[in-house]
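Novice: I'd like to go over a predicted model; first the sequence, then the structure.
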Amino acid sequence: PEPGQLVLEVDAARKQFGGLVAVNDISFKVRAGEIVGLIGPNGAGKSTTFNLITGVLPLTGGKVSFMGGRIDTRRARDIAKLGVGRTFQHVQLLPTMTVLENVALGAHLRSDVSVLAGTLRTDRAREARLLHEAAVQLQRVGLGDYLHEQAGNLALGQQRIVEIARALAADPVLLLLDEPAAGLRYKEKQALGAVLKQLRAEGMSILLVEHDMEFVMELTNHLVVMDFGTKLAEGPPAEVQNNPAVLEAYLGG
Ligand code: ADP
Ligand code: MG
């Protein structure tokens, strides 16, 4: 996509779990080359919003469009293949496999429907291609020195960046990151932030879920604030930061 082009449009997305309205008619947009922050207290509906965009959960109402076409009627696997990559709130690496193998599984996702580790070894040429692509992505995010380490031996901050590399290996247009900075130390957050800024400079579009307002403040172009499933505010970070309803949700609650 061209810089500034509309990549993702969430239009009055709604999700109810029985009587609970987890996502209450939420609308926002992500444009190419932009980091949009989706923030809010625990239980606000951020992860559920990700699950609606990625087709993990069906919507109760509203719609989601990606690169101009509706995706909320598609299956999760097809949405991923269209170019929506994601990481999960909890680290999902296979700790005893190498960093390189973990990332190769992401490239695998784009080329085939199965993500079973065992099938990686069935086709030598394909395996070599996937491992090469994985190495390229790990170098891109600054982890070229760790290719053959066991993933479980890396620091948490590095593991989170490996997960981003794995999502990148599927060649996404849009990356959805669910609390990648959670539990990280200051220096690790700085390193993660630097990777995200670099990806943005390369034209990647990123939707970043974050609990910690400070981390997103200097990183994002646009902020969407949720609380109890509802959009409280949206706009440039500096503006949103001083919005009374946002201050109330974060400090007054
Ligand atoms: P956040 O990611 O902002 O912390 P979530 O999207 O995980 O919030 O959750 C929003 C609300 O929806 C919470 O009240 C949560 O308990 C509820 N919820 C999330 N997933 C489910 C589910 N599968 N079934 C029932 N309730 C759910
Ligand atoms: Mg969450």
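Specialist: Nice, thanks for sending it over. Ligands and ions are numbered 1, 2, ... in the order given.
Novice: When you work out contacts or count neighbours from here on, use the C-alpha atoms and nothing else.
Specialist: Will do.
Novice: Give me the three-state assignment for Ala128.
Specialist: Under DSSP: H, G, I helix; E, B strand; the rest coil, the three-state class of Ala128 is helix.
Novice: what do you get for His148?
Specialist: Reducing the assignment at His148 to three states with three-state DSSP gives coil.
Novice: so it makes contact with Thr98?
Specialist: Yes - the criterion here is C-alpha atoms under 8 Å, and His148 meets it with Thr98 at 5.3 Å.
Novice: So these two - more neighbours on which side?
Specialist: Thr98 (19 against 12; other C-alpha atoms under 10 Å).
Novice: Just the pLDDT at the more buried one, thanks.
Specialist: Looking at Thr98, its pLDDT is 96.
Novice: likewise Val113?
Specialist: For Val113, the model assigns a pLDDT of 42.
Novice: What are the buried residues along stretch 33-46?
Specialist: Of the residues in stretch 33-46, those buried under the neighbour-count criterion (16 or more other C-alpha atoms under 10 Å) are 33-41, 44-46.
Novice: Can you pull out the residues in contact with that stretch?
Specialist: 3-4, 22-23, 30, 200-213, 216, 219-230, 249-250 (C-alpha atoms under 8 Å, 6 or more residues apart in numbering).
Novice: re earlier: export the buried residues of stretch 33-46 as a markdown table, with columns for distance to Ala191.
Specialist: What follows is those, written out as a markdown table (distance: C-alpha to C-alpha, whole Å):
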| residue | distance to Ala191 |
| --- | --- |
| Gly33 | 19 |
| Glu34 | 19 |
| Ile35 | 16 |
| Val36 | 18 |
| Gly37 | 18 |
| Leu38 | 20 |
| Ile39 | 20 |
| Gly40 | 23 |
| Pro41 | 24 |
| Ala44 | 27 |
| Gly45 | 27 |
| Lys46 | 23 |
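Novice: Now, these that are in strands?
Specialist: Of those, the ones assigned to strands by DSSP state E are 35-39.
Novice: residue boundaries of the helices in the stretch 101-250 of the chain?
Specialist: Assigned by DSSP state H, counting those that start in this stretch, the helices in the stretch 101-250 of the chain fall at 124-140, 156-168, 186-201, 213-217, 237-241, 244-247.
Novice: tell me the average confidence for the second one?
Specialist: For helix 156-168, the mean per-residue pLDDT is 96.
Novice: any idea which of the helices of the stretch 101-250 of the chain is most buried?
Specialist: Mean neighbour counts were taken over the helices of the stretch 101-250 of the chain using mean count of other C-alpha atoms under 10 Å, and the top value, a mean of 25, falls to helix 156-168.
Novice: Return the distance of that helix from the chain's centre.
Specialist: On the basis of C-alpha atoms, centre = their mean, to the nearest Å, helix 156-168 is displaced by 11 Å from the centre of the chain it belongs to.
Novice: could you check the angle helix 186-201 makes with that helix?
Specialist: In terms of direction (axes from the mean of the first three to the mean of the last three C-alpha atoms, to 10 degrees), helix 156-168 departs from helix 186-201 by 20 degrees.
Novice: Which elements pack onto helix 156-168?
Specialist: Using 3 or more C-alpha pairs under 8 Å, 6 or more residues apart in numbering; DSSP states H and E as the contact criterion, the neighbours of helix 156-168 among helices and strands are strand 84-86, helix 99-111, helix 124-140, strand 174-178, helix 186-201.
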